[in-house]
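Asker: My questions concern the predicted model and sequence given below.
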Amino acid sequence: MTKTYGVIGNPIQQSKSPAMHNAAFKALGIDAIYKKFELQESELASFFDKIRKQEISGISITIPYKQKAFEFVDDVSSFAKKCGAINTVYFKDDKLIGDNTDGRGYLKSLLQETKFNIKDKNILLYGAGGASRAILYSLLEQNPQSISIANRTLAKAQNLCHYYKAHPAATNLSLTSLSDKKVLANTDLFINTTSLGLLNKPWPDLSFVKNFKPGTLVSDIVYNPKETELLLAAQQNNLAVHYGLGMLVQQGAIAFELFTGKSPNVDLMFEAIT
Ligand SMILES: NC(=O)c1ccc[n+]([C@@H]2O[C@H](COP(=O)([O-])OP(=O)(O)OC[C@H]3O[C@@H](n4cnc5c(N)ncnc54)[C@H](OP(=O)(O)O)[C@@H]3O)[C@@H](O)[C@H]2O)c1
């Protein structure tokens, strides 16, 4: 019987996940389909009942249900626990497990596509939302020299720093702003994890980009459009760039393995969404 997988969220129309997963199922000859489910919060409990009855075999979770999902699973991975968010739910030994593949997906994409070595580097992370929290955990695991966090709402950046204070590599975690020229001039890797740069959300000011030193790598997790305003500004300043689509594919590929126990063809998943 054809197995059903899917992504839940609201809104969900923009999701590229079905194209990616369905291409990987087809290539591996797996009899399964991956769909979009736009759900109201009041529909979550009955949807998870369907998963428990195995009418649905596994799901990805996007905004705004990554925290709420904790209520419906039996156990969570150390990644999901640390990030405080679940983006993947799958069955293991008849238990529903919540995991988070965002941080690992980002890291894999960064390392494979740019060969950037995080150890002993100075990182500036812009944003303090869910994606930032997941990425920050994965970065800390790689022992960078320092991570500075900037965010529009300072209190959220403070919360994020506080959240990871106990991590052994968190001693060099601090708060900053995009107007701190000294921090910018010392940055090896800048990562935008805010939603600025999405098609309908232009950056108010990108003049800070000219304050990075030559050789700074500018990474944007926004992937729609692929060439974001930030990455265009970085290229105009002769800086290397890292695109957001790779993270989308790699986090999806890790989820696919959790769903099926099989490694998907990542290039094919990439092709399916570009
Ligand atoms: N490539 C991928 O696979 C992938 C995966 C996940 C997410 N993403 C992208 O990452 C973005 C963030 O996702 P998320 O889950 O972290 O969202 P989130 O939890 O809602 O966080 C949004 C972040 O964006 C900031 N922000 C929003 N509007 C802003 C503005 N006008 N000016 C300055 N900062 C602003 C917020 O700052 P405040 O705290 O001040 O509100 C916060 O830091 C998404 O839009 C998506 O495009 C990509």
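Answerer: Looks like it came in fine.
Asker: What residues of the helix or strand hosting residue 49 count as buried?
Answerer: Taking DSSP states H and E as the definition, one finds residue 49 inside helix 44-52. Within helix 44-52, the residues scored as buried using 16 or more other C-beta atoms under 10 Å are 44, 47, 48, 51. Heads up, the C-betas are built off the backbone N, CA and C, glycines and all.
Asker: Remind me what it packs against, helices and strands.
Answerer: Packing contacts for helix 44-52, counted by 3 or more C-beta pairs under 8 Å, 6 or more residues apart in numbering; DSSP states H and E, involve strand 95-99.
Asker: What strands flank the strand it packs on, and is each parallel or antiparallel?
Answerer: Note on strand 95-99: by DSSP bridges, its sheet partners are strand 75-76 (parallel), strand 88-92 (antiparallel).
Asker: can you list the ones you listed in JSON lines and add mean neighbour count and mean pLDDT?
Answerer: Output for the strands paired with strand 95-99, formatted as JSON lines (neighbours: other C-beta atoms under 10 Å; pLDDT from 0 to 100):
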{"stretch": "strand 75-76", "mean neighbour count": "17", "mean pLDDT": "98"}
{"stretch": "strand 88-92", "mean neighbour count": "21", "mean pLDDT": "97"}
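Asker: which one of the ones you listed lies closest to residue 63?
Answerer: Residue 63 lies closest to strand 88-92 among those, at 14.5 Å (C-beta to C-beta).
Asker: residues touching the residue of the stretch 51-200 of the chain found nearest the ligand, list them.
Answerer: Going by C-beta to the nearest ligand atom, the ligand is nearest to residue 129 of the stretch 51-200 of the chain, at 1.9 Å. The contact partners of residue 129, taken as C-beta atoms under 8 Å, 6 or more residues apart in numbering, are 156, 193, 194, 195.
Asker: One more: residue 263?
Answerer: For residue 263, the contact set (C-beta under 8 Å, 6+ apart) comprises 253, 257.
Asker: Same question for it, what's its three-state structure.
Answerer: Look at residue 263: counting by DSSP: H, G, I helix; E, B strand; the rest coil, its state is coil.
Asker: Number the chain from 12, please
Answerer: Sounds good: first residue 12 from here, last item residue 274.
Asker: Roughly how far does it sit from residue 239?
Answerer: From residue 274 across to residue 239, the span is 30 Å (C-beta to C-beta, to the nearest Å).
Asker: how deep is residue 270 tucked in, by neighbour count?
Answerer: 25 (other C-beta atoms under 10 Å).
Asker: One more: residue 251?
Answerer: For residue 251, the number of neighbouring residues by other C-beta under 10 Å comes to 16.
Asker: what bridges to the closest residue to it other than its chain neighbours?
Answerer: Spatial nearest neighbour of residue 251, chain neighbours left out: residue 228 (4.9 Å); criterion: C-beta to C-beta, 6 or more residues apart in numbering. Residue 228 has these beta-bridge partners by DSSP bridges: residue 200, residue 251.
Asker: And the pLDDT at residue 228?
Answerer: Note for residue 228: predicted pLDDT of 98.
Asker: Could you list which residues are in contact with it?
Answerer: By C-beta under 8 Å, 6+ apart, the residues touching residue 228 are 125, 127, 199, 200, 201, 250, 251, 252, 253.
Asker: One more pass at 7 Å, please.
Answerer: Contact analysis of residue 228 by C-beta atoms under 7 Å, 6 or more residues apart in numbering lists 125, 127, 199, 200, 251, 253.
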